[in-house]
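Colleague: The sequence isn't on hand, but the structure is:
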């Protein structure tokens, strides 16, 4: 099935590509569609502000083998924010993949509301991740790559939560809700997903998504994410109008005709656009689009 864009859609997107900017563009689409995207924007902001959202991250500390002392005093191996934690909270002891936290006697650290003096830390890649709390802080262990373990810290009283003023978007444009054809691979293709911490993750792409913009054909490689497709992509706005590390997009899996809707109005920033304490994946080389996608979230921070 050949994917076509109506002539009016083609004209609008072509003009956007020619002028290379979003200035002067207005919202375009049915009232129902515009309302749908605005509601999606609202949920997105609410999720960022939640306790398990990205705006309250306050630290990321990679663990060394053996003893890792922790507290707000600068003599510790892991230094929590001053004024937010006791000077000497305790220590993490790492033996290969086994990590245990030992809490000093004069410090109150809680697990599920119960004070603890020692606890085995189940990392985020396993069910029942251990989350500890102390004052306004919460922390847990993350695993990245084969053997890289770190402590991710949240501050429920984070300054960023108080100063956050939302995200800017390109004008909603229903023409960027594009029908793509899913072309499955004979067997899933291995693709390398780089990350901001230098680790390369290997994922499986079940096929390619083929679509047209301005009579030119493009493709993206998705990975499976539960019942959906997850896509990490970059385009010619990356590093200027949008975040330099690309954007994320979630799409439903193919319908009975092999069609997938790519709604670039729902393209969103990875956590690293908001915080230096995330470990974001970056677009695989196959997902660099040689055009400007003037839809979805713009960059956050400078230029915001």
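Modeller: Here it is on my side, so go on. Model, not experiment: these values are computed from the prediction.
Colleague: Skipping its backbone neighbours, what lies nearest residue 115 in space?
Modeller: Of all residues beyond its chain neighbours, the one nearest residue 115 is residue 108 (5.7 Å), with distances taken as Cβ to Cβ, 6 or more residues apart in numbering. Quick note: C-beta positions are derived from backbone N, CA and C, even for glycine.
Colleague: Give the helix, strand or coil label for the one you found.
Modeller: Classification of residue 108 by DSSP: H, G, I helix; E, B strand; the rest coil places it in coil.
Colleague: quick one: it from residue 141, how far?
Modeller: Computed as Cβ to Cβ, to the nearest Å, the residue 108 to residue 141 distance reads 20 Å.
Colleague: who has more neighbours, the two?
Modeller: Set residue 108 next to residue 141 and count neighbours by other Cβ atoms under 10 Å: residue 141 wins out with 23 against 13.
Colleague: Just list the residues touching the more buried one, thanks.
Modeller: 63, 99, 121, 122, 123, 124, 129, 130, 149, 150, 151, 152 (Cβ atoms under 8 Å, 6 or more residues apart in numbering).
Colleague: Of these, keep whichever come out buried.
Modeller: Judged by neighbour count, with 16 or more other Cβ atoms under 10 Å as the criterion, the buried members of these are 63, 99, 121, 123, 130, 149, 150, 151, 152.
Colleague: tell me which residues of stretch 276-285 are tucked away?
Modeller: Neighbour-count burial for stretch 276-285 [16+ other Cβ under 10 Å]: 277, 278, 279, 280, 281, 282, 283, 284.
Colleague: for stretch 158-169, that is, sorry about that
Modeller: Neighbour-count burial for stretch 158-169, with 16+ other Cβ under 10 Å as criterion, is recorded at 158, 160, 167, 169.
Colleague: Kindly report the same for stretch 133-146.
Modeller: If you call a residue buried by 16+ other Cβ under 10 Å, then stretch 133-146 has these buried ones: 133, 134, 137, 138, 139, 140, 141, 142, 144.
Colleague: Repeat that for stretch 178-191.
Modeller: 178, 180, 181, 182, 191.
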